[in-house]
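J.: my questions concern the predicted model and sequence given below.
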Number of protein chains: 2
Amino acid sequence: MAESRSRRKRGSLSAEEIVAAALSLLDREGESALTFARLGQELSASPTAVYRHFASRADLVVGLADHLDELSLDDYEPSDDWRADLVDLAWRAWRTAVNHPAAAAEAMGVITNGIHELRAVDAVLRALHQAGLRGREAVVHYQVYTNLVLGSAQSHAMHLARVVDGAADDAWVQIYTPRDPSQYPYAEAVKAELRLVDPEEVFGRQLDILLSAITAGVAAAPAGA
Amino acid sequence: MAESRSRRKRGSLSAEEIVAAALSLLDREGESALTFARLGQELSASPTAVYRHFASRADLVVGLADHLDELSLDDYEPSDDWRADLVDLAWRAWRTAVNHPAAAAEAMGVITNGIHELRAVDAVLRALHQAGLRGREAVVHYQVYTNLVLGSAQSHAMHLARVVDGAADDAWVQIYTPRDPSQYPYAEAVKAELRLVDPEEVFGRQLDILLSAITAGVAAAPAGA
DNA sequence: ACCTGAACACCGTTCAAGT
DNA sequence: ACCTGAACACCGTTCAAGT
């Protein structure tokens, strides 16, 4: 078999190409595909060549996270409507998680210190500033918003990625078949409906609750405390 | 060296003992300590003995998650105040994450189908029922509440666990030193404060926002839609 | 931030054999 | 849901040597 690889030209490999290969690998084959061996195949290079561009696997994941940040912010322009901006930014993160579940499961929530992350941080803080939040209030709500958006998007991505990669998804079937169902009447009463909740609807609700609280909070306590 | 282990008596190992060993291992040595080799040492048994009680490493993590559920719910009693109950349950999860960061980082957010998880599901649904929520509304808010509590607690646990295990924590120092700070004025303006936000305060805020929304929503739209 | 191949320590899992 | 030891396939990482 033609297993001997043609040698890569000097300087022909780049961090960008490696990250792109990692992303398409994860998209096609799921979470467990991101190994040095598979990356080497994908790049037609030695697995160890990656170490010339990333210090470790963890460092590569940071590079991947930065790329996901870039994809999420592509063509983003702030408007005059802070609430619309925060809704827009939130769904951008969500869509990235849906489009690249395995990559998002691995990389979303990683702090990159990259330029695109900084752009996102600034965009969120700008919106909160326009909402009237200042100083400590702005910072705390920045954290609340970020926790909500990144946490929800990553956890959704993990769920989607596990379906591709691993075991069955009918988890709820078993949990609601305890020995004595009458001991858990509230769980029993809604067990059918629990399986039908749309994660997207939950995310939208969660976002709406937070943005309404910001609106109300600013209106109610403009002088602080 | 006295490296030869005395043989374990037949039936002397149990799933409970293994989970307890895994937990104390994670508590003492951090996330990377949960391996079959270290578990074997801890139990004075062959690493492979664990396979008599758990089908795989993933299955062991489910057992660990179930144990964390049990620890979280220890001595829990519902009251007549649904809001106080939801606050209580939320902080129980948070405290488990703080007390066992490495274990919570690994196991929290895993669906166990276990009895203690079912108890928690029922307790949350009971509180939402007492808040006046029914059917679809109850189920959606159950998901919103669970996403918030489990997501926040696990992400906090991950943060705490990484400090023990891995690299430095001064991530923010670098991100806010871009080439041209004036391009990111909002981030620049609050960079000092961003590092000082207490995760516990953020969690409390987030919880308060959700519970207030439930109260307001029930008061505003008791007839639905 | 050059690329490769061999080697190392480690990790989850399997399985025949022991008690 | 018995326990052990040897073995297997795999994975991240290092490093001397090649271009």
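T.: That came through fine.
J.: the closest residue in space to A:E106 that isn't next to it in sequence and DNA strand D, how far apart?
T.: Of all residues beyond its chain neighbours, the one nearest A:E106 is A:V61 (5.9 Å), with distances taken as CB to CB, 6 or more residues apart in numbering or on different chains. Placement of C-beta: from N, CA and C, glycine included. Using CB to the nearest atom of the strand, to the nearest Å, A:V61 is found at 10 Å from DNA strand D.
J.: contacts for the host helix or strand of A:V61, please.
T.: Here A:V61 sits within helix A:57-73, counting by DSSP states H and E. Outside of helix A:57-73, the residues within contact range by CB atoms under 8 Å, 6 or more residues apart in numbering or on different chains are A:15, A:18-20, A:22-23, A:34, A:36, A:50, A:54, A:92-93, A:95-96, A:99-100, A:103-104, A:106-108, A:110, A:112, A:114-117, A:119-120, A:123.
J.: next secondary structure element downstream of the helix-or-strand element of chain A with minimal mean pLDDT?
T.: Least confident element among the helices and strands of chain A, by mean pLDDT, DSSP states H and E: helix A:171-175 (a mean of 40). Scanning forward in sequence from helix A:171-175 by DSSP H and E, the next helix or strand is helix A:185-189.
J.: and for that following helix, what's in contact with it?
T.: A:Y176, A:P181, A:S182, B:L118, B:V121, B:D122, B:L125, B:R126, B:H129.
J.: between those, which is nearest DNA strand C?
T.: B:L118 (25.8 Å; CB to the nearest atom of the strand).
J.: that closest one reaches A:Y184, doesn't it?
T.: Yes: the criterion here is CB atoms under 8 Å, and B:L118 meets it with A:Y184 at 5.6 Å.
J.: who's in contact with A:G135?
T.: By CB under 8 Å, 6+ apart, the contact set of A:G135 is B:V190, B:E193.
J.: show me what contacts A:A55?
T.: Contact partners of A:A55, counting by CB under 8 Å, 6+ apart, are absent.
J.: how about the secondary structure of it?
T.: With DSSP: H, G, I helix; E, B strand; the rest coil as the basis, A:A55 sits in coil.
J.: just the angle between the longest helix anywhere in chain A and helix B:135-165, please?
T.: Counting residues, the longest helix found in chain A (DSSP state H) is helix A:135-165. Between helix A:135-165 and helix B:135-165, the angle comes out at 100 degrees (axes from the mean of the first three to the mean of the last three CA atoms, to 10 degrees).
J.: centre of the chain to helix A:135-165, how far?
T.: 7 Å (CA atoms, centre = their mean, to the nearest Å).
J.: next: stretch A:120-132.
T.: Centroid separation for stretch A:120-132 versus its chain: 20 Å, with CA atoms, centre = their mean.
J.: list the buried ones in it?
T.: Neighbour-count burial for stretch A:120-132 flags A:A120, A:V121, A:D122, A:A123, A:V124, A:L125, A:R126, A:A127, A:L128, A:H129, A:Q130, A:A131 (criterion: 16 or more other CB atoms under 10 Å in any protein chain shown).
J.: for chain B, tell me whether the strand or helix carrying the third one is touching it.
T.: Under the criterion of DSSP H and E, A:D122 resides in helix A:115-130. Yes: legend: contact between helix A:115-130 and chain B by CB under 8 Å from any CB of the partner chain is shown at A:I115, A:E117, A:L118, A:R119, A:V121, A:D122, A:L125, A:R126, A:H129.
J.: near DNA strand C, from the residues you listed?
T.: The overlap between those and the neighbours of DNA strand C (CB under 7 Å from any atom of the strand) is empty.
J.: just give me the closest of those residues to DNA strand D.
T.: Proximity to DNA strand D was ranked across the residues of helix A:115-130 next to chain B by CB to the nearest atom of the strand; first place goes to A:E117, at 22.1 Å.
J.: my guess is that closest one meets A:V110, correct?
T.: No: A:E117 is not in contact with A:V110 according to CB under 8 Å; the separation is 9.4 Å.
J.: list the contacts of the helix or strand encompassing A:F203.
T.: For A:F203, the element it lies in under DSSP H and E is helix A:199-220. For helix A:199-220, contacts defined as CB under 8 Å, 6+ apart pick out A:83, A:86-87, A:90, A:94, A:128, A:131-133, A:141, A:144-145, A:148-149, A:152-153, A:156, A:159, B:140-141, B:143-144, B:147-148, B:209-210, B:212-213.
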